[in-house]
Each structure stands twice: as structure tokens, then as C-alpha cells.
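Undergrad: how would this look folded up:
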Amino acid sequence: MAYSTEGGRLHGEEQCTELEGNNGDGLYWPRLALQCGEGPEHTKATMIRTEDYKYVKRLYEKDELDNQIENIYYSEALLSLKEKMSEFYQETSDTVPQKIDKRDFA
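TA: Got it, this is the predicted structure:
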């Protein structure tokens, strides 16, 4: 069995920057200040985990496989995890529109 998760944001995604109106003294200010930067602190990443391995795919930084991403010994496990992650996205990423756009039928 495999488990997957995702998080973070794309560079430039403004809806993820919640600093507007925050003066720096709020409870969540340290987290908000970090996630508004364009560094690795809050950028897009996905993870898939099996009983034996955990693979992290990062959009802007180096991927991880239990910190062994460069180890050729794990290349078969890495390929398998990448395939499972791809299958997960195919199964879950398509969304059905909530409203019909009548312009599509004009």
C-alpha cells in the first residue's frame, strides 16, 4: 500500500500569501513570513510513502528518497515510487466543474 500527500505553493501564487493586513505581531506571523518568500520553505512538493520507502518530489529543489536520491542501489525503488505517484495523480487530479459555463455551448 502507498500513501501520498502534497503541499506548498507555486512561485508567485498570490492567494497563498496571507500577509495583507498583518502587522507582524500575530500568532502565525513567523509561518506567514516564511511562506511568502520564494525560497524552499513553502514551495510545492509531493510525497509518496510505502512500507519501505518515502519519496519526496520537489518542484524547485532536489528530490529526496530517504536522503538517498543519488544512490543507484535505490533506482528500482525510485522508479516504482514515481510510477505510483503518477498513477495517484491520474486517479485524483481531474475535477468536474461545479457550474456549466454556457459560453462553452455558444
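Undergrad: pLDDT score for Tyr60?
TA: In this model, Tyr60 is scored at 85, pLDDT.
Undergrad: that one reaches Lys44, doesn't it?
TA: Yes - between Tyr60 and Lys44 a contact is recorded at 7.4 Å, counting by CB atoms under 8 Å. Where C-beta positions appear, they are placed from N, C-alpha and C, glycine not excepted.
Undergrad: between those two, which one's more packed in?
TA: Comparing Tyr60 with Lys44 by neighbour count (other CB atoms under 10 Å), the higher total belongs to Lys44, at 16 against 13.
Undergrad: scan the chain for its longest helix.
TA: helix 75-92 (DSSP state H).
Undergrad: and the contacts of that helix?
TA: Ala2, Ser4, Thr46, Ile48, Thr50, Asp52, Tyr53, Tyr55, Lys57, Leu65, Ile69 (CB atoms under 8 Å, 6 or more residues apart in numbering).
Undergrad: let's see 7 Å
TA: With CB atoms under 7 Å, 6 or more residues apart in numbering as the test, helix 75-92 has contacts from Ala2, Ser4, Thr46, Ile48, Tyr53, Tyr55, Lys57, Leu65.
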